[in-house]
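*Asks:* Sequence and predicted model, in that order:
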Amino acid sequence: MTKNETSWKRRHFLQGSLIGAGTVISSTSETTVAADAAADTPEITEEVDVLVVGGGTAGTIAAIQAGRLGAKTLLVERNSQLGGTMTTGGVAFPGLFDAWGKQIIAGIGWELVRESVELDEGELPDFAKVPQRHWHNQVYTNQFLYAILCEEKCAAAGVAIAYYEFPRSVTRVGERWQVDCVGFGTQRRVLCRQIVDCTGGAEVVGLLGYPRLREEERQPGSFLYMLGEAHEPGRNQIHRLYVHGADSSNSRTATAANLAGRRSILEKVRREKKRLMHLQPETGFRESYRIEGETMVTVHDYTSGRHFDDAISYAFYPVDLHTREGVKPAPLKPGVVPTIPLRALVPKGSRDLLVAGRCLGSDRLANSGLRVQASCMGMGQAAGAAAALAAGAGSTPLEVPLAELHATLREHGQIVPERA
Ligand SMILES: Cc1cc2nc3c(=O)[nH]c(=O)nc-3n(C[C@H](O)[C@H](O)[C@H](O)COP(=O)(O)OP(=O)(O)OC[C@H]3O[C@@H](n4cnc5c(N)ncnc54)[C@H](O)[C@@H]3O)c2cc1C
C-alpha cells in the first residue's frame, strides 16, 4: 500500500462493512457460497463514499481504483458478472494500450488484461513494434477468466458488488446522493458522496435529467457466436453478426435487439447447416447515449491529438464508425495520440457525478474512436480516482487538484498524458 493510500484511508473513510462480493469460499472440487446475514433482508440501507453504477469495461476499473484508495465503494451491476461488453457481450479483444511503439495506457485495466492472458498462457503483444494493422496489437483475452479476475480484484480492493440491481431513482439529500436501487427480492437505498456512471448509456445521468445525446440512427450492434467451429477463449475472434437498429436505451429496445440477433443466427444455422458452437447471452451495443459534458471532445480534437489542459488519460484507435455498409477505420496520422479531458467525464452543470466509458462527452466521430476498451479502462481509472479523492476531501471531482489526481494515477500504475 502506498503512503498516499494509508494516510488517505486514515483521514477519510466511513466505517463498517458492506455485503461483500468476496463471500465465495472455494475448494478444489466444489464451491460454497457463504451465508450472508442480509441475504433474506429485502430492504437494505447503506452509506458508501463512491457508488459505481455499471460493472463493465470502465466501471470495474473505476470501482477497483476507488477501493484501492480506501474509499468505501459499492459496484451495482444489472447483469450477473463483471466486464460488460468484454464478457457478457463477448468482445474480449481490448485495444489499444499502445501507440507508435510505446505503451500509452497501463494501470488497473492493463493489470487485469495482462494477468488474464498470463494465467491463460496466451500471448501479449510487443508494444515496441508498430503494427501494420491497428488490431494486431489488440489483446486476445479469455472473457471467462477476465470476469472472474475482475471479481477477485474487487474483493481484494474491498469493493462490494451488487449484481442484478439497478438504480430506480436518484435524489440529492444534503451533501449526499440517495440512490434507490432495485433487484429481484432486493430494494437497496444507497447514500453516497460520489456517483460514477459507467452504464454505457449514461443511465444515471438520464435519471437525474442532465442532457444526453443520441443519434437518430446508431451504429449497429453485433451478436457474437460461433458456427461450425468452437470458440477458443483468448485465442480466436468470435464471429460477429450485425444487429442493425440495436438500441440499448431501455429494456424494450434491448429485448428487440436480442430477439432479432438470435433470430438471424437461427436462420444462419438453418441456411448453412452448421452446428451452433457458441453464443453470447446478449447483443454487444456500440452506441447509445453520450453525455453533454463540461467539455465535448470533437473529432478534430481527436484526430489532431489535442492535449487537453485537464487530460487524464491517453486514447488511441482509428476513427471507427460502423454503418449499414460496414466499417472503414480511418487511422490516426503518425505520431498522433489523442487525450481525454476530465471535463468530458463531467455531465454539464453537475457536481459529485462522473461518467466513464463509451458515454463520455464527445461528438459522434470522436466517440467512434474513444469508445474502445483500453480507453474506457483509462477513463474508468481516472474517474474512480477523482471520485475517491473528492469523496475524501468533501469536494467535487473538478475541485480535486489536477496535480494530486495525476500523482495518484501514477502511483497506481497509470500513464498520465504529458506535454511533448
Ligand atoms: C460488437 C462490438 C465490437 C467491439 N469491438 C471492440 C474491439 O475489438 N476492441 C475494443 O477495444 N473495443 C471494441 N468495442 C468497443 C468496446 O467494447 C465498448 O465500447 C466498451 O467495452 C464499452 O465500455 P463501457 O464500460 O462504456 O460499457 P460496457 O462494457 O458495456 O459496460 C456497461 C455495464 O453497465 C451495466 N449497466 C448498464 N445499465 C445499468 C444500470 N442501469 N444499472 C446497473 N448496471 C447497468 C451493463 O450491464 C454493463 O455491464 C466493440 C464494441 C462492440 C459492441
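*Replies:* Cool, the structure landed. Numbering: from 1, shown residues only.
*Asks:* which ones are touching residue 262?
*Replies:* Taking CB atoms under 8 Å, 6 or more residues apart in numbering, we find residue 262 in contact with 223, 279. Any C-beta I mention is one placed from the backbone N, CA and C, and that applies to glycine too.
*Asks:* quick one: the helices in the stretch 251-400 of the chain?
*Replies:* Ranges of helices in the stretch 251-400 of the chain, per DSSP state H, counting those that start in this stretch, are 251-272, 299-304, 364-370, 373-393.
*Asks:* highest average neighbour count across the ones you listed?
*Replies:* Among these, ranked by average contacts under mean count of other CB atoms under 10 Å, first place goes to helix 373-393 (a mean of 30).
*Asks:* That one and the ligand, any residue contact?
*Replies:* Yes: counting by CB under 6 Å from any ligand atom, the ligand is contacted by helix 373-393 at 373, 376.
*Asks:* Go through stretch 180-193 and flag the buried ones.
*Replies:* Neighbour-count burial for stretch 180-193 flags 181, 186, 188, 190-193 (criterion: 16 or more other CB atoms under 10 Å).
*Asks:* so of those residues, which ones are in strands?
*Replies:* Using DSSP state E, the members of the buried residues of stretch 180-193 that fall in strands are 181, 186, 188, 190-193.
*Asks:* is it fair to say residue 215 lies in a helix?
*Replies:* No: Residue 215: not assigned to a helix; according to DSSP: H, G, I helix; E, B strand; the rest coil it is coil.
*Asks:* List the residues that contact the most centrally placed residue in the chain.
*Replies:* Averaging the C-alpha coordinates of the chain gives a centre point, and the residue nearest to it by CA atoms, centre = their mean is residue 58 (1.8 Å). For residue 58, the contact set (CB under 8 Å, 6+ apart) comprises 84, 198, 356-358, 376-377, 379-380, 383.
*Asks:* Residue 163 too?
*Replies:* 77-81, 183.
*Asks:* let's see it at 10 Å
*Replies:* 21, 55, 75-82, 183, 186 (CB atoms under 10 Å, 6 or more residues apart in numbering).
*Asks:* end-to-end on stretch 117-127?
*Replies:* Terminal residues of stretch 117-127 lie 15 Å apart, using CA to CA, to the nearest Å.
*Asks:* does any part of that stretch sit near the ligand?
*Replies:* No: using CB under 6 Å from any ligand atom, stretch 117-127 never reaches the ligand; the gap is at least 12.9 Å.
*Asks:* again, but for stretch 271-281
*Replies:* No: shown here: stretch 271-281 not in contact with the ligand (CB under 6 Å from any ligand atom), separated by at least 9.6 Å.
*Asks:* so what's the residue of the stretch 1-150 of the chain found nearest the ligand closest to, chain neighbours aside?
*Replies:* Going by CB to the nearest ligand atom, the ligand is nearest to residue 56 of the stretch 1-150 of the chain, at 1.8 Å. Nearest in space to residue 56, with sequence neighbours left out and distances taken as CB to CB, 6 or more residues apart in numbering, is residue 84 at 2.0 Å.
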